[in-house]
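K.L.:
A structural model of the following input is requested.
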Amino acid sequence: MDTISHLYGAQPAGPKYRAVSGALRQAIEQGVLAVGDRLPPVRELAWQLQITPGTVARAYTILTDEGVLRAEVGRGTFVAPKPRVEDDRDMRWARHHVAEDTDLVSLFAPKLPDCGQVDMIRDIFAQMGDRPAKELLNYPNRKGFAPARKAALRWLSGTRLGPVSEEDAVLTHGSQNGVMLILQTVLRGARPVVLVEELSYPGFRRAAHLMRAEIVSVPMDCGGIIPEALDKITEKHGAQILCTSPEVHNPTGIVTSDARRREIAAVAQARGLHVLEDDCYRLGNTTGQTYRELLPDLGWHVSSFSKVLTPALRVGFAVAPKRHALALRRAAEYGFFGLAQPLAVMIEELMARPECFTIMDAVRAEMARYVRAAVNALGGFDLTWHEEVPFLWLRLPEGWRASAFVQAAEAEGVQLRAAEEFVPRDGFAPHAVRLAINAQVSLPSFEAAMARLRALLDSPPEGIAV
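P.N.:
Next up, the predicted model:
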């Protein structure tokens, strides 16, 4: 019991029940408590630690729910045996995965599996009752959000952002809010010009419309934006900012090479063109330099948890070039005074939990299973895919138009996005569709949906082929 008291006293600041559970975990990991050992009764440990019995009981319950401890009626609480790795993975999935069997499969937007993040988020929200009262009474402030911004940058530590500090980052209500804030910070004049790829994330155009900006498309090839075209269009229109996604282009899945990025950055530097990089769809490691690293005075970066943990929290991050960091902070503070305090706490708490990163790895692995299932069914067609990307880009075979294929797929219970949704009104749309991964339906249901799409591709109905 003395060792547990010592470990309890060494825990980081936070709710007392978390300190108790952390101390017990360490005691088990260090061998102080072995499998089968009986833990002290709740009241006895509470007296020893000078805390309430309810606090100890809560810690015991958390560890029991996680399978670390085992409670036996009338006997007490014991250290549980460690399950085999395979069993642990299967048990965790059975406990958390909410995938359902269904014939209606929406592939409009990525849907993540529950690999434990729901319980983790619920637990953090439950802890917020222990936060200081002033956090629930006063306006949020930038100083108070510093730990959350530092946590966000730790999460982005594998991204090549160049020299960066928490003062350069702003917490946003998802990545779309981050895009809006950057446009508000950068754009000047009555009718500014925003550049987008000729196939691009619709949110870029929607944000530009709200800013009363003119939107001009830049031609692409199989490597992304064509630098020579970018140069000519920037000069012709006096464009102020380019919105792009070089790591995972939405919707085509193109990854822009480092060499091409340097060419684009050279054009931007010469023309004084800001570059906004949306990096929300990448699930794996970064493949190259960001525009913030390539353009220290002109590169902006936006990211979020939405595609790897949950989109429900609406938490994102915008990172400014150092010379524009103050202007970005003002845009956020003048616009909405910052995130709600509980969301900032959520970011801080999430990133402090080692299991958060384990869960994100599990989400990536499960999404990759569904990607492989789609490729197994549709790989014989003109398909762009990556296991680390939660969507696929399918160029339709001769005989299909995108709009007709989408209608036929919906009649089969599969909802897709046509290429038309990713181009401006006057733009050219190829005959292609985007299939987002939906891991909230069971894998057999997803595979059946892929089989129905393959059957449509193989045999277009009479009257739809052109």
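
K.L.:
Flag the shaky bits of the stretch 1-150 of the chain, pLDDT-wise.
P.N.:
Where the stretch 1-150 of the chain drops to pLDDT under 70, the residues are 1, 73-74, 83-99.

K.L.:
Now do the strands in it.
P.N.:
Using DSSP state E, counting those that start in this stretch, the strands of the stretch 1-150 of the chain run over residues 69-72, 76-79, 105-106.

K.L.:
got a list of what P140 touches?
P.N.:
Residues counted as contacts of P140 (Cβ atoms under 8 Å, 6 or more residues apart in numbering) are 337-341, 344. C-beta coordinates here come from the backbone N, C-alpha and C atoms, glycine included.

K.L.:
Now the buried members of those.
P.N.:
338-339, 341, 344 (16 or more other Cβ atoms under 10 Å).

K.L.:
of all those residues, which two lie farthest apart?
P.N.:
Greatest spatial distance in those: G338 and Q341, 8.6 Å, computed using Cβ to Cβ.

K.L.:
Check which helices and strands the helix or strand E349 falls within is in contact with.
P.N.:
Using DSSP states H and E, E349 maps to helix 341-352. Contacts defined by 3 or more Cβ pairs under 8 Å, 6 or more residues apart in numbering; DSSP states H and E place helix 341-352 against helix 117-127, helix 146-155, strand 169-172.

K.L.:
Give me the buried positions along that helix.
P.N.:
Burial within helix 341-352, assessed by neighbour count using 16+ other Cβ under 10 Å, is assigned to 341, 343-351.

K.L.:
Relative to D2, which of those residues is nearest.
P.N.:
Nearest to D2 among these, with distances taken as Cβ to Cβ, is E349, at 29.7 Å.

K.L.:
List the contacts of the closest residue to the closest one other than its chain neighbours.
P.N.:
With Cβ to Cβ, 6 or more residues apart in numbering as the criterion, E349 has its nearest non-adjacent residue at 4.6 Å, and that residue is I124. By Cβ under 8 Å, 6+ apart, the contact list for I124 reads 345-346, 349-350.

K.L.:
Closest one of the buried residues of helix 341-352 to L392?
P.N.:
Nearest to L392 among the buried residues of helix 341-352: L350, at 28.8 Å, using Cβ to Cβ.

K.L.:
Was I right to think that closest one contacts M120?
P.N.:
Yes: between L350 and M120 there is a contact under Cβ atoms under 8 Å: 7.4 Å.

K.L.:
Now for these two: what residues contact both?
P.N.:
Both L350 and M120 are in contact with C356, where contact means Cβ under 8 Å, 6+ apart.

K.L.:
Output stretch 65-77 in PDB with nothing but the alpha carbons.
P.N.:
Taking Å, rounded to 0.1, in the frame of the first residue of the first chain, the C-alpha atoms of stretch 65-77 are listed here in PDB:
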ATOM      1  CA  ASP A  65     -14.300  -1.800 -17.300                       C
ATOM      2  CA  GLU A  66     -11.000  -1.800 -19.100                       C
ATOM      3  CA  GLY A  67     -10.300  -5.300 -18.100                       C
ATOM      4  CA  VAL A  68      -7.200  -4.400 -15.900                       C
ATOM      5  CA  LEU A  69      -9.000  -5.400 -12.800                       C
ATOM      6  CA  ARG A  70     -11.600  -8.100 -12.000                       C
ATOM      7  CA  ALA A  71     -14.300  -7.600  -9.400                       C
ATOM      8  CA  GLU A  72     -15.700 -10.700  -7.600                       C
ATOM      9  CA  VAL A  73     -18.900 -10.300  -5.500                       C
ATOM     10  CA  GLY A  74     -18.200 -10.900  -1.800                       C
ATOM     11  CA  ARG A  75     -14.500 -11.400  -2.400                       C
ATOM     12  CA  GLY A  76     -13.100  -8.100  -3.600                       C
ATOM     13  CA  THR A  77     -11.200  -6.700  -6.600                       C
END
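
K.L.:
what's it in contact with?
P.N.:
Counting by Cβ under 8 Å, 6+ apart, 24-25, 28, 38-39, 41, 60, 63-64, 78-80, 83, 88, 91 sit against stretch 65-77.

K.L.:
which among those residues end up buried?
P.N.:
Buried members of the contacts of stretch 65-77, scored by 16+ other Cβ under 10 Å, are 24-25, 28, 39, 60, 63, 78-80.

K.L.:
Reformat these as a markdown table; add distance to E72.
P.N.:
Below are the buried ones among the contacts of stretch 65-77 laid out as a markdown table (distance: Cβ to Cβ, whole Å):
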| residue | distance to E72 |
| --- | --- |
| L24 | 17 |
| R25 | 20 |
| I28 | 17 |
| L39 | 11 |
| Y60 | 12 |
| L63 | 14 |
| F78 | 7 |
| V79 | 12 |
| A80 | 11 |
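
K.L.:
ok, which pair from those residues is furthest apart?
P.N.:
Every pair of the buried ones among the contacts of stretch 65-77 checked by Cβ to Cβ; the farthest is R25 and F78, at 14.9 Å.

K.L.:
gap between the nearest residue in space to F428 that is not next to it in sequence and R212?
P.N.:
Counting by Cβ to Cβ, 6+ apart, F428 lies nearest to E198, which is 7.3 Å off, once chain neighbours are set aside. Distance, E198 to R212, by Cβ to Cβ, to the nearest Å: 22 Å.

K.L.:
between these two, who's got more neighbours?
P.N.:
Comparing E198 with R212 by other Cβ atoms under 10 Å, the one with more neighbours is E198, at 19 against 11.
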